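# Pasting a predicted model and its sequence here:
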Amino acid sequence: MTYVIHSDIEQEGLLAGLKVIDLTHYIAGPYCTKLLATLGAEVIKIERPGTGDPMRYVGPSLDKARTVDHASTQSSGETGAWFLYLNTSKKSLVLDLKTPQGYEALVKLIQSADILIENFAPGVMDRLGLSYKHLQSNNPKLVMTSISNFGQSGPYKNWKASEINLYAAGGLMNITGEPEEEPLKEGAPLAQLGAGQNAMVATLSALAYAEDYGEGQHIDISIAEYATNILENALMQYSYSGVEYSRVGNRGYGRAAWGIYPCQDGYVGIIAGPDQRWPQVSQIMDREELADPRFESRQGRLIHADEVDALMLPWLLEHDKVDIFKAGQDEGLGFAYVASMQDILEMEQLEARDYFVTIDHPRAGKLKYPGAPISPQLNNVSSSGRNSAWVYRPAPLLGEHSIELLGQLGYSVNEINQIRSNNS
């Protein structure tokens, strides 16, 4: 079951009353502010005139801009899948920060804000006249979070990077891939999304301090450092022993019955542990040979990995992934399956928890979105039946809230029109 969220429904959220100025683009920064917005904060996304966040044009896209002769051209910038996902529940204000009027409007907004999130290259905020020292002089409790590739200091601070660079430089790529083969990139932009999560946690921690002591902070988030923080035990192993962590591919830790295997309709994860449950694997797969004492321990399955895999494979290829998953779980074994996007949309566990949210966007229409990454158990439940901790509204059209927000700042109609004309 999913709930359709319309833009005209008033919702609260855990962070209702919090005002966030969003000077972010692409992935890491927008993901941070997306989390704040869907928790109920008023997130005002400042976008450049004409084009807005470049992520608006990253496909797939559901509509196309059209030329005078009706020929389909590039995306309109309103229905790009990435933008819709990363910018739910935000407001869009178009300002040209290089004009006096645009700069003045932004400073006015920041003076009444609790949080400012930015992910320009280091030094850009200073050049725009928006240094933290300057902004804090007018708003002492302001929390400003800066997200960049390598951080605000150090010899790499001005280096350019994309996700593949950040994943590699942080060390994760070195442990991803098959043994004796080249390192591999990950599927999703893990470094950027993870850095966005870190930024949200750090920002809310600094906000709590500001509320208690009346003093804001400037937070420095490095995307590459996030990747280094989740290197499992690879870095510690090297620190202790000087031995590099070797890539093990789908065969987790190098042993059999601990990794990803093919099956009849896809792939499954076989996790045969703890050791005392190994006999159940033999029973599930109906192979007495798997009960050989040589395979009972993790070390045994490491030494005889190829033999164990060869014994399991025929049974796996004769059964589908969901049946294998449930057969293992019924015996207390951590079996899993590699879910496709269709599997996820139809997953009974997610449906039972009302995970998905259907949002009705004015251009893209009704689409199913991933739900909240956290499910707090609250007593206050919205009239729709959903927990009111999270707020979901459509991602904004470019400049959709400009008139509303500039009016709240006290600008007259003529002044608003002047600012908007400067943006065109």
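Thanks, I have it.

# Now do the lengthiest helix in the chain: which elements does it pack against?
With secondary structure taken from DSSP state H, the chain has its longest helix at helix 190-213. Contact here means 3 or more Cβ pairs under 8 Å, 6 or more residues apart in numbering; DSSP states H and E; on that basis helix 190-213 packs against helix 28-38, strand 115-118, strand 143-148, helix 163-169, strand 218-222, helix 223-229. The way it works is simple: take the backbone N, C-alpha and C, and place the C-beta from them, glycine included.

# Output the ones you listed in a markdown table, with mean pLDDT and mean neighbour count appended to each entry.
Shown next, in a markdown table, are the helices and strands packed on helix 190-213 (pLDDT from 0 to 100; neighbours: other Cβ atoms under 10 Å):
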| stretch | mean pLDDT | mean neighbour count |
| --- | --- | --- |
| helix 28-38 | 97 | 27 |
| strand 115-118 | 98 | 26 |
| strand 143-148 | 98 | 27 |
| helix 163-169 | 90 | 20 |
| strand 218-222 | 98 | 21 |
| helix 223-229 | 92 | 21 |
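
# Distance to residue 17 for the ones you listed - can I get that in CSV?
Supplementary listing: the helices and strands packed on helix 190-213 in CSV, determined by distance: least, Cβ to Cβ, whole Å:
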stretch, distance to residue 17
helix 28-38, 12
strand 115-118, 12
strand 143-148, 15
helix 163-169, 34
strand 218-222, 21
helix 223-229, 29
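
# gap between the closest residue to residue 148 other than its chain neighbours and residue 229?
Of all residues not flanking residue 148 in the chain, residue 122 sits nearest, at 5.5 Å (Cβ to Cβ, 6 or more residues apart in numbering). Distance of residue 122 to residue 229, computed by Cβ to Cβ, to the nearest Å: 20 Å.

# go on, residue 278?
Residue 278 is 34 Å from residue 229, by Cβ to Cβ.

# swap in residue 339?
26 Å.

# What segments of the chain are strands?
3-5, 19-23, 42-47, 64-66, 72-75, 91-94, 115-118, 143-148, 218-222, 258-263, 266-271, 336-337, 357-361, 365-369 (DSSP state E).

# out of those strands, which comes closest to residue 103?
Nearest of the strands of the chain to residue 103, taken as Cβ to Cβ: strand 42-47 at 11.1 Å.

# Surely residue 32 touches residue 26?
No: counting by Cβ atoms under 8 Å, residue 32 stays clear of residue 26, with 11.6 Å between them.

# Please enumerate the shared neighbours of those two.
With Cβ atoms under 8 Å, 6 or more residues apart in numbering applied, the contact sets of residue 32 and residue 26 do not overlap.

# need the contact list for the most centrally placed residue in the chain.
Nearest to the mean C-alpha position of the chain, by Cα atoms, centre = their mean, lies residue 193 at 3.7 Å. Taking Cβ under 8 Å, 6+ apart, we find residue 193 in contact with 27, 28, 31.

# May I see these arranged in CSV, with distance to residue 188 as well?
Formatted as CSV, these follow (distance: Cβ to Cβ, whole Å):
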residue, distance to residue 188
27, 10
28, 13
31, 11
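
# now, which of these sits nearest residue 131?
So of the contacts of residue 193, ranked by how close each gets to residue 131 (Cβ to Cβ), first place is residue 28, at 21.1 Å.

# any weak-confidence spans in the stretch 201-350 of the chain?
Residue ranges of the stretch 201-350 of the chain with pLDDT under 70: 254.
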